[in-house]
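A.B. asks: Provided below are the primary sequence and the corresponding predicted coordinates.
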Amino acid sequence: MSTTAVFGAGVMGEALVTGLLRGRWSPDNLVIAEKRPERAKELIARHGVRVLSNSEAASSADVLVLVVKPQDMATLLEEIRPSVRPDALVVSLAAGITTDFISKRLPNDIAVVRVMPNTPALVDEGMAAVSAGRHCTDEHLAQAEEMLRAVGKVVRVPEVQQDAVTAISGSGPAYIFFIVEAMIEAGVSLGLDREIASELTIQTLVGSAVMLRETGERPSVLRENVTSPGGTTAAALRELEHSNVHDAFLTAMEAARDRSKELAAG
């Protein structure tokens with residue numbers, strides 16, 4: 001099996017490492033690049049993997065997974081450029097960073113795959129969209145997809161659509177958590193104990209998500225099935241419509257998309 005190096009052991013980076021180890025990856029085939037000594041000790045103790053410097057990790061790996069902040073990407077690429085193997089596959093999980101941005105800062109003809117993941121990867125329910133760079137083959141994409149399936153689902157999209165993906169699924173968990181927060185607070189305002197309001201809200205969310213996935217019905221159909229004319233749900237939805245919640249979501253996601261483009265522009 002090839003060696004995979006993960007650069008950036010934050011929430012998403014460590015989630016990916018954990019998912020790979022739960023799958024068929026051996027600790028012997030995983031490397032984490034981490035400069036902070038205390039964090040390195042923590043990762044070694046928790047996962048039993050090697051922790052190396054950026055340049056050491058780059059020279060030892062067949063697959064380089066870049067999970068750093070967008071603003072740190074150029075510095076990382078400059079550091080690892082002399083060490084990257086000519087036949088390596090580079091997989092970037094940094095929001096807004098294009099495959100061209102990476103390719104121009106690495107040796108010629110390096111295969112680059114751009115990925116937009118999301119944080120439910122922490123519980124193996126992530127959603128990742130992958131796009132091929134100019135030197136990528138279907139084999140490269142399949143290799144990246146196999147890795148990402150360790151922590152959830154994967155779809156292929158043209159790279160031009162990655163900013164929209166960022167707005168929908170990349171940032172999407174925060175929108176859901178925002179709604180859950182609002183529903184719990186509403187429950188408390190209506191007189192419920194906070195623990196009860198939380199349990200009611202979270203299980204309603206989980207059950208609704210499973211219904212969407214398992215039934216294959218359109219959201220509009222499932223919504224209509226719950227909404228009796230003149231009933232309680234209809235009264236609540238009417239208030240959401242009056243508050244232009246639909247338009248607010250569109251505006252919010254447009255803002256996320258635009259910010260993704262700004263990150264790409266530097």
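C.D. replies: Sure thing, it's come through.
A.B. asks: Now stretch 16-33: buried residues?
C.D. replies: For stretch 16-33, burial by neighbour count (16 or more other Cβ atoms under 10 Å) applies to 16-21, 25, 29-33. In this view, the C-beta of every residue, glycine as well, is placed from N, C-alpha and C.
A.B. asks: I'd like the average pLDDT over it.
C.D. replies: Averaged over stretch 16-33, pLDDT sits at 85.
A.B. asks: Please state the offset of that stretch from the chain centre?
C.D. replies: 17 Å (Cα atoms, centre = their mean, to the nearest Å).
A.B. asks: could you dump it to PDB, C-alpha only?
C.D. replies: C-alpha atoms of stretch 16-33 as PDB (Å, rounded to 0.1, in the frame of the first residue of the first chain):
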ATOM      1  CA  LEU A  16      -9.400  11.800   8.100                       C
ATOM      2  CA  VAL A  17      -6.500  10.000   9.900                       C
ATOM      3  CA  THR A  18      -9.000   8.500  12.300                       C
ATOM      4  CA  GLY A  19     -11.300   7.300   9.500                       C
ATOM      5  CA  LEU A  20      -8.400   5.800   7.500                       C
ATOM      6  CA  LEU A  21      -7.200   3.900  10.600                       C
ATOM      7  CA  ARG A  22     -10.700   2.600  11.200                       C
ATOM      8  CA  GLY A  23     -10.700   1.400   7.600                       C
ATOM      9  CA  ARG A  24      -8.000  -0.700   6.000                       C
ATOM     10  CA  TRP A  25      -5.100   1.800   6.400                       C
ATOM     11  CA  SER A  26      -2.200   0.600   8.600                       C
ATOM     12  CA  PRO A  27      -0.500   3.100  10.900                       C
ATOM     13  CA  ASP A  28       2.700   2.100   9.000                       C
ATOM     14  CA  ASN A  29       1.200   3.600   5.900                       C
ATOM     15  CA  LEU A  30       0.200   6.900   7.400                       C
ATOM     16  CA  VAL A  31       2.300  10.000   8.200                       C
ATOM     17  CA  ILE A  32       1.300  13.200   9.800                       C
ATOM     18  CA  ALA A  33       3.200  16.400   9.300                       C
END
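A.B. asks: And the residue lying closest to G152 once chain neighbours are set aside, how far from R36?
C.D. replies: With sequence-adjacent residues excluded and distances taken as Cβ to Cβ, 6 or more residues apart in numbering, G152 is closest to G126, at 3.0 Å. According to Cβ to Cβ, to the nearest Å, G126 and R36 sit 25 Å apart.
A.B. asks: Tell me where the stretch 101-250 of the chain has helices.
C.D. replies: Under the criterion DSSP state H, counting those that start in this stretch, the stretch 101-250 of the chain contains helices at 138-148, 162-165, 172-189, 194-215, 219-226, 232-242, 245-265.
A.B. asks: Indicate which one of those is closest to V90.
C.D. replies: Among those, helix 138-148 comes nearest to V90, with 9.5 Å by Cβ to Cβ.
A.B. asks: which other residues reach that closest one?
C.D. replies: With Cβ atoms under 8 Å, 6 or more residues apart in numbering as the test, helix 138-148 has contacts from 4, 16, 20, 63, 65, 89, 91, 111, 113, 115, 117, 126, 128, 130, 132, 154, 156.
A.B. asks: Which of the helices or strands spans the third one?
C.D. replies: The one in question is L20. Taking DSSP states H and E as the criterion, L20 maps to helix 11-22.
A.B. asks: list the helices and strands that helix packs on?
C.D. replies: Contacts defined by 3 or more Cβ pairs under 8 Å, 6 or more residues apart in numbering; DSSP states H and E place helix 11-22 against strand 4-7, strand 30-33, helix 37-47, helix 138-148.
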